[in-house]
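Peer 1: Okay, predicted coordinates and the sequence, questions at the end:
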Amino acid sequence: MQTRRCLQCQTELKGRIDKKFCSDQCRFLFNNQKKRSAEITISNVNQVLRRNRTILKSFNPVGKTTIRKALLSAQQFNFKFYTHIYRTKTGMVYYFCRMPRIMNTAMLLLLMRK
């Protein structure tokens with residue numbers, strides 16, 4: 001029969017058959033490391049969204065404006081990150097980066113605020 005090992009420190013486990021950790025300390029360490037990696041991912045995504053929003057705000061302080069996609073790219077705008085999508089009845093697609101709307105039309109982006 002294969003020996004069971006602690007998921008954190010790999011020491012041999014004794015006792016209950018469904019036991020996964022040798023101690024509470026190993027269980028805490030394992031779960032905190034797992035949670036930390038998920039939090040780092042969320043933090044990285046939020047950082048990109050925050051930077052995108054800052055870039056959009058700098059080009060559009062008030063109202064409505066049209067900006068070339070190349071200008072946003074030059075500012076390190078990441079087009080892969082947005083918070084949600086809205087499709088109109090006419091077929092237009094708006095990508096949202098938190099609040100401003102980004103309407104992708106070929107080489108131009110139309111930015112509008114609510």
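Peer 2: Right, received. Where do you want to start? Just so we're clear, the structure is a prediction, and the values are computed from it rather than from any experiment. Residues are numbered from 1 along each chain as shown.
Peer 1: which residues sit in contact with the residue positioned nearest the centre of the chain?
Peer 2: Nearest to the mean C-alpha position of the chain, by CA atoms, centre = their mean, lies residue 45 at 2.9 Å. By CB atoms under 8 Å, 6 or more residues apart in numbering, residue 45 lies in contact with residue 81. (Glycine included, C-beta is placed from N, CA and C.)
Peer 1: Same check on residue 84?
Peer 2: Taking CB under 8 Å, 6+ apart, one finds 95-96 in contact with residue 84.
Peer 1: ok, back up a step: and whichever strand or helix holds the residue nearest to the centre of the chain, which residues are buried?
Peer 2: If you go by DSSP states H and E, residue 45 is part of helix 24-59. Buried residues in helix 24-59, counted by 16 or more other CB atoms under 10 Å: 26, 30, 49, 51-52, 55-56, 59.
Peer 1: Kindly report the same for stretch 59-75.
Peer 2: 59-60, 67, 69, 72.
Peer 1: Just give the nearest non-adjacent residue to residue 85, would you?
Peer 2: residue 95 (5.8 Å; CB to CB, 6 or more residues apart in numbering).
Peer 1: Count residues in the vicinity of that neighbour, would you?
Peer 2: Look at residue 95: counted by other CB atoms under 10 Å, it has 17 neighbours.
Peer 1: In this structure it contacts residue 78, no?
Peer 2: No. The pair residue 95 and residue 78 does not pass the contact test of CB atoms under 8 Å, sitting 11.7 Å apart.
Peer 1: and stretch 24-36, C-alpha only, in CSV?
Peer 2: Extracted in CSV, the C-alpha atoms of stretch 24-36 (Å, rounded to 0.1, in the frame of the first residue of the first chain):
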residue,chain,number,x,y,z
ASP,A,24,-2.6,22.6,11.7
GLN,A,25,0.5,24.6,10.8
CYS,A,26,1.0,22.7,7.5
ARG,A,27,-2.7,23.0,6.8
PHE,A,28,-2.5,26.8,7.3
LEU,A,29,0.6,27.2,5.3
PHE,A,30,-0.8,25.2,2.4
ASN,A,31,-4.1,27.0,2.2
ASN,A,32,-2.5,30.5,2.6
GLN,A,33,0.0,29.8,-0.2
LYS,A,34,-2.9,28.6,-2.4
LYS,A,35,-5.0,31.7,-1.6
ARG,A,36,-2.0,34.0,-2.0
